[in-house]
Each structure stands twice: as structure tokens, then as C-alpha cells.
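Asker: what follows is a predicted protein model with its sequence.
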Amino acid sequence: MITPLFPPAGAALALVDLHKSFGSTQIIRDLSLAVAPGERVAIIGPNGAGKSTLFDLISGRFAPSAGQIWLAGQRIDGKKPFQINRLGLARSFQISQLFPTLSVFDNLRCATMWRQGLGYTFWRLLSSLTDTNARTQTLMQRLQLDGLANTSAQQLSYAQQRVLELGMTLASDAPVLLLDEPTAGMSRSETTQFMGLIDELTRGKTLLMVEHDMSVVFGLATKIAVLVQGELLAYDTPDAVRSNPLVQQAYLGAVLSTPELTSGSQHRPSPQPSPGAGEGENSRFASVVSKA
Amino acid sequence: MQVTEKAGVGDAAVNSKQLLLWGGYALVLGLAPLLFDSSLSQSLLSQIGIAIIVCLSYNLLLGQGGLVSFGHAVYSGMGAYLAMHTLNRISGGWPLPVSLIPLVGGLGSALLALLLGWVTTRRAGTAFAMITFGVGELIWAAALVLPGFFGGEGGVSGNRVAGSAPLGLTFGPQIQLYYLIVIYTLICTGLMYALTRTPLGRLLNAVRDNPERVAFVGYNPQWVRYLVFVISAFFAGIAGGLSALHYEIVSSDVLSAHRSGLLLLFTFVGGSTLFVGPILGAVLMVLALGVLPGVTPAWLLYLGVVFVVVVMVAPGGLAALLVGLWRQARQGDWRRLWPWRLALLVSLSIAVTPVLAWVEMLYRLQQVDILGPSLVFFGLPLDVFSPANWLATAAVAIVGAALCWLSQRVLAQKVLP
């Protein structure tokens, strides 16, 4: 287990004995984790393991029931999402959260305005904000969305919406990023291309990512955190996690009873996980683990 | 004034087309009293100018922010009261020019919104609507129990010829007041249009679309709503102040939920999705409330029906409908289709007119003891006791409906090749 010397100095993000329950249901139990600056952490685990809830706690959507969250040496647990964002943490969502009637350009501009120091300005026209507009333009080019500036977000294709979702997260220039299943619902080729983009655009940033596609996870992550039933089962380098007996036990045990061992099948995010979905994921997961 | 933007560059400059629209808008407001110079039309025009400001201020909430308020009359009404009390102080010797009274109303309403809005804008959606309704009822009830400020049943009256008269302008003659209203209307329209193109204005649209996401890009959606609520109240208060000068009397019905409901209704009918919509709605509001009650006793019914039809058929309001038709007209299809569209329009009026006749006859039946059985409907004499009249109108309605159905079918086939 992790020693109680938390938070370690210099961690970009540290979770200390984090706990969350809804009613009598415990979602996150005594979770402690420190992420060094520049680390790329993939959080994996079966459906219902608490991955998304963990992101909701860190980003301020929910307040933790107990425990602490530190962002670059500052307590952020219990703060509101916009306060946490201002302190340098941005997140994306599993189901794209865009401004559907606004243009792509406006979506990104709204997401970058606070960092540009504009606040709630109502005495300057948007057109006079040369700096902000130039930055938004640059971001659009880096996202390869230029040409779609005037298209409203709701008219974008699914994959383009996922790219814009990533762009909204990057726009605030936060040093710590949480990406919740960025490639969810994308085809294989879209995923490969998109991961290249994520790799390129998040360089130098601290990244936490929930991801089901194991090829993606093991390709990008420098650390892997395995979350099972709200508890941190392992937190180590990809190779070490693969050969971790605890992980193997937890996942291979589950998989022997299920015949399918396919990996990399696609699924679109659904608001409610279907009953069988967890098993398929476990087996996919196990297939990666068993390669060790 | 539809907002079509080229990112970064194009949302910039006011282009020549927009300049033309603004020039036309100012010209129409400026020249209207030369065309319609009776005292009734001067009064109606003044009311239109005032209504434009208040409807635009309401649409900052409704269209731009997605906030349905059932209590906007609180802010226009309180602006009117504050303006009236200020006017009476000026009559008593305060050294303030009458032309600045609307600003007093605006600032007063903004201050009130600063207090009340803190509670109101905590939530959006249904909760916001309910709280605005509750606050509106509260203020209205207060008006009845605080006659010192609200003037009780009789309201508060004053005389707008007060204080000094710079440049000889006393605002006594309606035409002088009208041009004061026009100046305020133009400035307020310009400011509110500019607001939609500032960071706060765009954030307001973002809060309308997805308040949760706004919170995750560093902004407090409650704060966005709060600021815009105060700004909206400011403009509503200016309109209230102008109406105090116009009527020279303010009574508690300016605060009523009925008044708030009318603002919602006409802003929506005019069109909340486009900036020009509320301007259209304001014109309709003044004409409907000023002219319709004199024409028919069933006017409230008609307003209700129009509202329901617009909600169901054209949720973008008349402005969006007109813009849509204009776009279609510019496409080639229009030439091929217009005879059939015209046919549809004509048959629709053939179908609807007898229904109106029925409504008028039914209303007359209620008051037949006082007003007698015969009435004139669009120049046609009708008798509510004659079965032939009822049957004949019904027959015309059926014919009209059949024609509607026919032209609709033809049109549908023409549109889908």
C-alpha cells in the first residue's frame, strides 16, 4: 500500500485517502495517488470501477465524502469546478459537452477566455480581442478543425465533436488534463489518428486519462492506475502492471469463465452501462494483461 | 441583423449591409411621426419605442440566455415608479433635467435586480421561472399594501413639464417626447446588440447551451446569469422611466404578472432566436394592445391562439419565419412554388375567416341583450339568431379547409421531386 506521507512535494496532482459514497453505495474507497508533473497516467478498470466518478471528484463536479485532493500543492477538494479550472485543471467528458448552437470557433474562444484574463467583460467587443482570436485560430489549426470555424458544434460529425471536446479542454492551457475516454465511439482508424493528435497536443502536460482501448493505453501512458471497485489495485509503469500478480489474479480470474477474448471492439458511450458490458471489458483487459 | 460571423475577422467589422439595416432602423423611427401624424399614432409610436427597449431587454434573458422570466414587469414597472417619484421631486425643485429621468429608472431597476437577482439567478430553467414569478407576485402584493410609494389604487401621477427646459425642450408636446424616446431606443438597441458581441454576451449563449460545461472552462454560470439579469433590468428600467414620462401616471398594474406574461408572449411571437425578433414583437404588442380591443371583444382569445400557433408552427417566431421565407425566395425554388404558396395562403384565409366570424358571433351571443343580435364582420352583416348565417359560415370554412388540404398536397409533391 501507499505510505501516508501525502501529498508528496512536487506532485502535480495528489489524492489522499479519497472517499466517495452515494447513500450507502461506496464508489471510491481510500484512494491515494500522486502524479508527478509531466506524467501520463491511464486509469483502467471495469465498468463501475469508479473511474468517471474519480474524474468528477477531481474536477469538482462532486465533492468527496472524505479525503483530500491537491493540485500543485493546493487543496482543491470541495472547490467548485470553475475555481478548480482557474487553478490549472481542465477535463473532457465521455459524452461530448459542447455549446451546440455556437460555432466551433466560439466554443473554443469561450473555453480560452478566462485564461486570457477577460473575465466577464461586457465593455469590449469580441472582434477587438486580437490576442484571444489569434490564439483560438491557432488552436483550431492544431486540432485540424480549421475550415469549420463557422460550423455550429451540433453540425459536426461525431469524431469532429470528440476533437472539439479535446480542444475545449486544451483551450484553457491548464497544466493538468483529465481526459474521460477521449476515443470513445471512434472507429479504429479515427482512434489511431486521434491518439496521435492527443500525444502531440498534450506534450509536457500532466495527463490523466480513462480509456478502454488497451492498445491506446499501453501506447501512450507512462503510468497505469488500475481501479477495481473503487480501490486502487495497482499504480505503476505499463510493464510492471502487466506482470503484477494482483492484477492478473483480479482479471484473469474473471476471464476464464467467459469465452470471448476479443480485444479492441468498439462501443459507443451509453449513459447507463448495460449489464453485460463489464464482462466484455474485463476480458479485453485480461487479454492485454495475459500477454505479460 | 442576423449574426453570421466569420471567425476572428468577420465578427469584427460592422459591414455595409449592417450599416444599411441600422440606418434604415433609425430612419424609420425618425420619420414615422411625419407619416402618421395624428395624436393617436404619435402615442402608439411612442409606446412602440418604449416596447422595443423592454422587449429587447427581455430577450437578453429569453433568447440569449434561455431564461424564461415570469417577472420582467417588476423591473420595467419599478423603473416607472422610481422615474415618477423623481419627476415629482424635479417638480419640487430638484435640479435634474427631465431627459435623464429614464436613466434614473434604469439605475434604480438595476439596483433592485442586484438585490433580487442574487436569489433569482441561482438556478436556471424551471426554478428560475418559478422564482421570478414568486418575486413578481411579492412586489405586486407589496404595491397594494404600501400606498405611500405605489399610490394605492389610483397610482402615482406627475407632470412631465418640470424643471429647466434646455434648448426650449419641455417635452410637453408629444412629438418632443417621441424624439427623446427614439434617442433612447436607438442607443439602447445599439448597446444591447453590442452586448451580444462581447465576451459576456457570448458566454451567456454558452450558459444557455450548456451551463455545466461553462463551469468547467473557468466561468461561474450563476455569475453570468446574474450580471446579465442586472443589465437586462437596467434596460427594462429605462423603458419604464420613458413610459412614466409618456403616460404621466404609474399604477400597480405595470408590475403585474399579466404584464410580464405579455412581454414573454410578444417577445416570443416576434422571435427570440434573432436579435430583430423582439423589435417586431414590440411593434405587434403595441398595435395589438392599442388597436385590437377596440375592434373585437375576443382579442385576448386571438392573442392566445396566435401564441400557441407560433409556439407550435414557428418556434423561431415571426422574425425567423420571415428570414426563412426570404432565404427561400432567394433560391430558385421560389419561382416554381410561389403560385401554390399563394394558393395555400388564400385558402388558409378562406378557412380561418369563418372561424373568426363564429368566434365573434359566439361572443355577441353572450351580450345579445345589450348589443342586439346583428353585427358587422369585415363589412358583412351577420345575425346571431339566424341559423342560415351559422351554416353558411361553416360551409365556407369547410370549403377553405378542403382547398388548404389540396394546395398543401400539391405543394408537398412539388417540394419533394
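Answerer: Looks like it arrived, so ask away.
Asker: every contact and neighbour count from this point should use C-alpha atoms.
Answerer: Fine.
Asker: what's the helix or strand for A:Arg29?
Answerer: Take DSSP states H and E as the rule and A:Arg29 turns out to sit in strand A:25-35.
Asker: and that strand, what's buried?
Answerer: By 16 or more other C-alpha atoms under 10 Å in any protein chain shown, the buried positions in strand A:25-35 come out as A:27-35.
Asker: what helices and strands are in contact with that strand?
Answerer: strand A:13-22, helix A:51-59, strand A:231-236 (3 or more C-alpha pairs under 8 Å, 6 or more residues apart in numbering or on different chains; DSSP states H and E).
Asker: how about these in a markdown table, adding mean pLDDT and distance to chain B?
Answerer: What follows is those, written out as a markdown table (pLDDT from 0 to 100; distance: least, C-alpha to the nearest C-alpha, whole Å):
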| stretch | mean pLDDT | distance to chain B |
| --- | --- | --- |
| strand A:13-22 | 93 | 17 |
| helix A:51-59 | 94 | 8 |
| strand A:231-236 | 92 | 26 |
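Asker: from the ones you listed, which stretch is densest packed?
Answerer: helix A:51-59 (a mean of 23; mean count of other C-alpha atoms under 10 Å in any protein chain shown).
Asker: do the helix or strand just after that helix and chain B meet?
Answerer: Following helix A:51-59 in sequence order, the next helix or strand is strand A:66-71 (DSSP H and E). No - judged by C-alpha under 8 Å from any C-alpha of the partner chain, strand A:66-71 stays clear of chain B, getting no closer than 15.5 Å.
Asker: from the chain's centre, how far out does strand A:66-71 sit?
Answerer: Centroid separation between strand A:66-71 and its chain, computed with C-alpha atoms, centre = their mean, to the nearest Å, is 18 Å.
Asker: quick revisit: state the mean pLDDT of the strand holding A:Arg29.
Answerer: For strand A:25-35, mean pLDDT is 92.
Asker: figure out which of the helices and strands packed on strand A:25-35 is closest to B:Trp405.
Answerer: Distance to B:Trp405, taken as C-alpha to C-alpha, is lowest for helix A:51-59 among the helices and strands packed on strand A:25-35, at 53.7 Å.
Asker: what's the angle from that closest one to strand A:13-22?
Answerer: Here helix A:51-59 points in a direction 120 degrees away from that of strand A:13-22 (axes from the mean of the first three to the mean of the last three C-alpha atoms, to 10 degrees).
Asker: which elements pack onto helix A:51-59?
Answerer: When contacts are defined as 3+ C-alpha pairs under 8 Å, 6+ apart, helix A:51-59 sits against strand A:25-35, helix A:81-86, strand A:89-91, strand A:176-180.
Asker: can you name the next helix or strand after the third one?
Answerer: Elements were assigned by DSSP H and E; along the chain past strand A:89-91, the next helix or strand is helix A:104-113.
Asker: so who does the spatially most central residue of chain B touch?
Answerer: Chain B has B:Ala282 as the residue nearest its centroid, 3.4 Å off, counting by C-alpha atoms, centre = their mean. Residues in contact with B:Ala282, defined by C-alpha atoms under 8 Å, 6 or more residues apart in numbering or on different chains, are B:48, B:51-52, B:55, B:266-267, B:270.
Asker: surely B:Leu146 and B:Gly152 touch.
Answerer: Yes - with contact defined as C-alpha atoms under 8 Å, B:Leu146 counts as touching B:Gly152 (7.1 Å).
Asker: between these two, who's got more neighbours?
Answerer: Ranked by neighbour count (other C-alpha atoms under 10 Å in any protein chain shown), B:Leu146 and B:Gly152 place B:Gly152 first, with 15 against 11.
Asker: from B:Val230, how far off is that one?
Answerer: Between B:Gly152 and B:Val230 the distance is 27 Å, computed by C-alpha to C-alpha, to the nearest Å.
Asker: near chain A, which residues of the stretch 51-200 of chain B show up?
Answerer: Counting by C-alpha under 8 Å from any C-alpha, the stretch 51-200 of chain B comes close to chain A at B:194-195, B:197-200.
Asker: quick check: chain neighbours aside, which residue is closest to B:Val269?
Answerer: B:Gly317 (4.8 Å; C-alpha to C-alpha, 6 or more residues apart in numbering or on different chains).
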